[in-house]
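In: Let me see the structure of the following:
(one chain, ligands or ions: 3)
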Amino acid sequence: MVDTESGIVVRRTKGFYYLRNESNQAVECKIKGQLFKNSRFDNQIAVGDRVVYRKAGKNDVGLITEIEPRKSFLSRTRVGKEAEQVIAANIDYLLIVASTKHPAFRFNLINRMLVAASVGRITPVLVITKTDLAQEKEIDYLIDPFRDLDLKIFLSSIENPEADHQFAELLSNNVSVLSGQSGSGKSSLLNKYFPDLSIQIGDVSAKTHKGSHTTTYSIMHQIAEQGFVIDTPGIREFGLWKVTQENLCEYYPRIQEYQGLCKHRNCRHVHEPICVVKDAVSEGKIHPVMYNGYLSIFHSLPPT
Ligand SMILES: Nc1nc2c(ncn2[C@@H]2O[C@H](COP(=O)(O)OP(=O)(O)OP(=O)(O)O)[C@@H](O)[C@H]2O)c(=O)[nH]1
Ligand SMILES: [Mg+2]
Ligand SMILES: [Zn+2]
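Out: Ligands and ions are numbered 1, 2, ... in the order given. Next up is the predicted model:
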């Protein structure tokens, strides 16, 4: 009889996986060598994955023998590589964390993360941090392109001790993953709401306004009985997994509304003449920043 149990991956390092099992115990595991024998890649188990493992033997290290199918996932590809990199699995919310400045706000990085959330069946939420560094008018300008999406937007400053109850509630009742540039304040945000976590935070360079990549691996923290949050290392680029020039528009709900109404049946709303999506942009029905983001992603994808 083989003694197996199941658990959730809360952290992984090279070759080792740290699980929380059903009795809430921490278990260190390795992967059964045969598990990925048909795969070219070794990054196939992510934080949040539910796995089955064989209990620790002599050296106290369990052996992961199975991964359960994912209900949702946040994946990307590295620039120049085709491999899927799963950042987190089985999550309800993707908290896209973007600072007003230091590091600079990047519309297109947010755009890419919105697409990735849609690909991975995760509900995105936008969290604008460092609101203390910008005027109200500047903040309005930053969030304007995202207003007509079905998207919750939270504003945050660690300088303001007041808590946003809706935000705290969302985190406490779901599984969430935070993603954003290094230095955008992901770990600081978690420390503000859950001081017991005492996560290490880092400086943003006064010269380049870039973060110092303080969080170096993804880790799942339990913050309430039903609340889990995954803090991740800062990202520079977000290559889109499973997205092609052909299917990109499916991940843009505001563009999808016009599906089938253009002159060309397979209109991709880029070069085609008589395109209702382009009309909607000129009429102000689709925000130009959103549409430019679409074009920028479209042109970054290999032609299909
Ligand atoms: N002024 C201001 N500074 C903030 C705010 N939130 C975070 N910071 C600062 O930004 C810097 C980076 O914060 P972190 O929480 O380490 O950022 P991170 O996103 O976790 O960065 P990585 O772990 O490198 O990905 C620290 O110096 C924080 O004090 C804020 O709301 N306002
Ligand atoms: Mg961090
Ligand atoms: Zn079109």
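In: Please identify the residues of the chain in proximity to ligand 3?
Out: 262, 267, 269, 275, 277 (C-beta under 5 Å from the ion). (Each C-beta comes from the backbone N, C-alpha and C, glycine too.)
In: so who does the closest residue to Val115 other than its chain neighbours touch?
Out: Sequence neighbours aside, Tyr251 is the residue nearest to Val115 in space, at 4.5 Å (criterion: C-beta to C-beta, 6 or more residues apart in numbering). The contact partners of Tyr251, taken as C-beta atoms under 8 Å, 6 or more residues apart in numbering, are 114-115, 118-119, 243.
In: Over to Ile219?
Out: So Ile219 contacts 10-11, 47, 230-231 (C-beta under 8 Å, 6+ apart).
In: For the one residue in the stretch 1-150 of the chain that gets nearest to ligand 2, which non-adjacent residue is closest in space?
Out: Closest to ligand 2 within the stretch 1-150 of the chain is Val97: 9.5 Å, counting by C-beta to the ion. Counting by C-beta to C-beta, 6+ apart, Gly180 is the residue found nearest to Val97 once chain neighbours are left out, at 3.5 Å.
In: The one you found touches Phe105, doesn't it?
Out: No - assessed by C-beta atoms under 8 Å, Gly180 is found out of contact with Phe105, at 10.4 Å.
In: more neighbours, these two?
Out: Gly180 (25 against 21; other C-beta atoms under 10 Å).
In: low-confidence ranges in the stretch 201-304 of the chain?
Out: Of all residues in the stretch 201-304 of the chain, none has pLDDT under 70.
In: and it, which residues reach ligand 2?
Out: 214-215.
In: mind listing the helices for the stretch 201-304 of the chain?
Out: Using DSSP state H, counting those that start in this stretch, the helices of the stretch 201-304 of the chain run over residues 253-256, 276-282, 288-300.
In: Likewise for the stretch 51-200 of the chain?
Out: 107-119, 136-143, 165-172, 186-193.
In: Could I get the full set of strands for this protein?
Out: With DSSP state E as the criterion, the chain has strands at 4-13, 16-21, 26-31, 50-54, 62-67, 73-77, 84-89, 93-99, 123-129, 152-155, 175-179, 219-224, 227-231.
In: Check the offset of the fifth one from the chain's centre.
Out: On the basis of C-alpha atoms, centre = their mean, to the nearest Å, the separation between the geometric centre of strand 62-67 and that of its chain is 25 Å.
In: That strand pairs with which strands, parallel or anti?
Out: strand 26-31 (parallel), strand 50-54 (antiparallel) (DSSP bridges).
In: As a markdown table, those strands with mean pLDDT would be great.
Out: As requested, the strands paired with strand 62-67 are exported to a markdown table (pLDDT from 0 to 100):
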| stretch | mean pLDDT |
| --- | --- |
| strand 26-31 | 91 |
| strand 50-54 | 94 |
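In: could I get those strands as a markdown table with distance to Pro303 and mean neighbour count?
Out: Putting the strands paired with strand 62-67 into a markdown table (distance: least, C-beta to C-beta, whole Å; neighbours: other C-beta atoms under 10 Å) gives the following:
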| stretch | distance to Pro303 | mean neighbour count |
| --- | --- | --- |
| strand 26-31 | 37 | 18 |
| strand 50-54 | 38 | 19 |
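In: wait, which of those strands is closest to Ser6?
Out: strand 50-54 (5.0 Å; C-beta to C-beta).
In: Contacts for that closest one next, please.
Out: Here strand 50-54 has contacts from 2-9, 17, 19, 27, 29, 32, 45, 62-68, 90, using C-beta under 8 Å, 6+ apart.
In: how many neighbours does the nearest residue to Gln166 once chain neighbours are set aside have?
Out: With sequence-adjacent residues excluded and distances taken as C-beta to C-beta, 6+ apart, Gln166 is closest to Phe154, at 7.7 Å. A total of 17 residues lie near Phe154 under the criterion other C-beta under 10 Å.
In: Could you do Ile139 as well?
Out: Ile139 has 17 nearby residues by other C-beta under 10 Å.
In: who's in contact with it?
Out: 100, 128, 131, 155.
In: Check the separation of the first and last residues in stretch 259-272.
Out: 14 Å (C-alpha to C-alpha, to the nearest Å).
In: Would you pull up how far it lies from the middle of the chain?
Out: 30 Å.
In: List the buried residues of it.
Out: 262, 267-269 (16 or more other C-beta atoms under 10 Å).
In: I figured Ile199 hits Val229, correct?
Out: No - in this structure, Ile199 is not within contact of Val229 by C-beta under 8 Å, at 10.4 Å.
In: pLDDT weak spots in the stretch 1-150 of the chain?
Out: 1-2, 34-43, 57-59, 79-81.
In: Which part of it gets nearest to ligand 3, residue-wise?
Out: Val115 (17.9 Å).
In: rewinding a little: how about JSON lines for the contacts of Tyr251, with neighbour count added?
Out: JSON lines is the format used below for the contacts of Tyr251 (neighbours: other C-beta atoms under 10 Å):
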{"residue": "Leu114", "neighbour count": "22"}
{"residue": "Val115", "neighbour count": "23"}
{"residue": "Ser118", "neighbour count": "17"}
{"residue": "Val119", "neighbour count": "20"}
{"residue": "Val243", "neighbour count": "21"}
